[in-house]
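J.: Provide a 3D model corresponding to the input given below.
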Amino acid sequence: MNFARIAVTPLRSVRTFATAQRVKVPLTLFGLDGRYATALFTAAAKKNQLDAVEGELAKLKQIIDKSDKVQFFLENPTLMKKNKRAGIDILLGEQKLTETTKNFFDLLSENGRLNQTSKIINSFNSLMMAHRGEVLVTVTSAKSLNSAQLKQLQDSLTKGTLAGSKKLTVQNKVNPSILGGLVIEFGDKTIDMSVSSKVTKLNKMLTDSI
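T.: Take a look at the predicted model:
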């Protein structure tokens, strides 16, 4: 399929990319990044390339996260479309990619949506986790947790009633402003055990008592 001929209207282009046989999408995502990620999931599923595309996107995300120049290139709105196309060809040319991934980046380039790349990859990862029956648990700490601490935390959450029968995937975010303790986000639930939260509650109690 020649994606350079696809209409540049984002939603119409995404629908074109994801047409043909029906694929059951495990999670409903909203927003521009959600629509593109869903289209990519659908296209990859039709070709039995979900795992391959996921791995390719993970490698590309590492490159993007480690390079300020690549981030600037993707997010710079002043670059002409032909220059962005040439740049993405160079970036992708250094990788061994499926046609599904290559064609999808052609679509993003044609539609001027390369600035959404990281968000789309994150949304695609959410779809893959839902596809595998996994649930993402975000643990925010004042300092980075080591692998042993994350493993212990994952085991504790898995044994609890919160997880049920679902497989948990724990990721660590660092936010020094919480001072200490943990903030655990699990689906639509939040368990705030941070020091900053306790300080806030203590200050409120002291203020209310005056």
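
J.: list the residues that contact the residue nearest to the spatial centre of the chain.
T.: Geometric centre of the chain, nearest residue: residue 122, 1.0 Å, by Cα atoms, centre = their mean. Residue 122 makes contacts with residue 33, as judged by Cβ atoms under 8 Å, 6 or more residues apart in numbering. Yep, even glycine has a C-beta here, placed from its N, CA and C like the rest.

J.: is it in a helix, a strand, or coil?
T.: When classified by DSSP: H, G, I helix; E, B strand; the rest coil, residue 122 comes out as helix.

J.: what about it, distance to residue 64?
T.: Between residue 122 and residue 64 the computed distance is 11 Å (Cβ to Cβ, to the nearest Å).

J.: helices along this structure, start to end?
T.: Taking DSSP state H, the helices of the chain run over residues 10-17, 31-46, 50-66, 68-75, 81-93, 99-110, 117-131, 147-159, 195-209.

J.: just checking, what packs against the fifth one?
T.: Right, helix 81-93. On a contact count with 3 or more Cβ pairs under 8 Å, 6 or more residues apart in numbering; DSSP states H and E, helix 81-93 meets helix 68-75, helix 99-110.

J.: and the ones you listed: which comes nearest residue 144?
T.: The stretch from these with the least distance to residue 144 (Cβ to Cβ) is helix 68-75; that distance is 21.3 Å.

J.: who are the packing partners of that closest one?
T.: For helix 68-75, the packing partners by 3+ Cβ pairs under 8 Å, 6+ apart come out as helix 50-66, helix 81-93.

J.: list the buried residues of that helix.
T.: Neighbour-count burial for helix 68-75, counted by 16 or more other Cβ atoms under 10 Å, picks out 70-71, 73-74.

J.: ok, of the residues you listed, which one's closest to residue 41?
T.: Distances from residue 41 to the buried residues of helix 68-75, taken by Cβ to Cβ, are shortest for residue 74, at 20.8 Å.
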